[in-house]
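**Student:** The sequence and its predicted three-dimensional model are supplied below.
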Amino acid sequence: MLILRGITNLSVWPKYPNGALDEPPALQYASNRGYSGRVLNVSGETGDNSKQTKMALQEFIHDSTITALYGFSGGGYNVYHILNQLTQAQRDRLELVVVLGVEAGKLSAHALNPHRYHAHWELVYRNDPPKPLGHIDGPQYLLSGH
């Protein structure tokens, strides 16, 4: 499972200089689902041509063992950009797509639906957890079964 971080925002999340992500629960979620998790060590600024999107595409294309994507916050938006740039054969390799901490008005579950891509992955889509939890708590909240 290739895991994509959120953006670097040191004023909000000073302990995440390489992109926002609570790594231990993200990696544990991957393990619980039967995957070996690998965090891409690049901040999740978004876009078709962002550094994270380009790096993730290269990793996915050159490593046929990657069959799952997990994107948190900015990384979640980049999962969408990645899906749109994969070939049909590459999309068919995906078993699981996880997107956390995105705004439904900016990226809906419908936009990530495998049927739109003529594919068959399982989609796990979550917006931010309910208060008092915050945005950065999304991976832990998902790991806890929500």
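**Tutor:** Received the coordinates, thanks.

**Student:** okay, CA-based contacts and neighbour counts for the rest of this
**Tutor:** Noted.

**Student:** residues in contact with stretch 86-105?
**Tutor:** With contact meaning Cα atoms under 8 Å, 6 or more residues apart in numbering, stretch 86-105 is reached by 57, 61, 66-77, 79, 83, 117-128, 135, 138-139.

**Student:** pLDDT score assigned to the residue sitting furthest away from the middle of the chain?
**Tutor:** Most distant residue from the mean C-alpha position of the chain: residue 132, 23.0 Å away (Cα atoms, centre = their mean). What the model reports for residue 132 is a pLDDT of 96.

**Student:** still on that earlier bit, in strands, which of the contacts of stretch 86-105 fall?
**Tutor:** If you go by DSSP state E, these have 68-72, 122-126 in strands.

**Student:** of all those, which comes closest to residue 53?
**Tutor:** Closest approach between the ones in strands among the contacts of stretch 86-105 and residue 53, by Cα to Cα: residue 71, at 10.8 Å.

**Student:** so that closest one touches residue 78, yeah?
**Tutor:** Yes - at 7.2 Å, residue 71 counts as touching residue 78 under the criterion of Cα atoms under 8 Å.

**Student:** tell me which element residue 54 is part of?
**Tutor:** helix 51-62 (DSSP states H and E).
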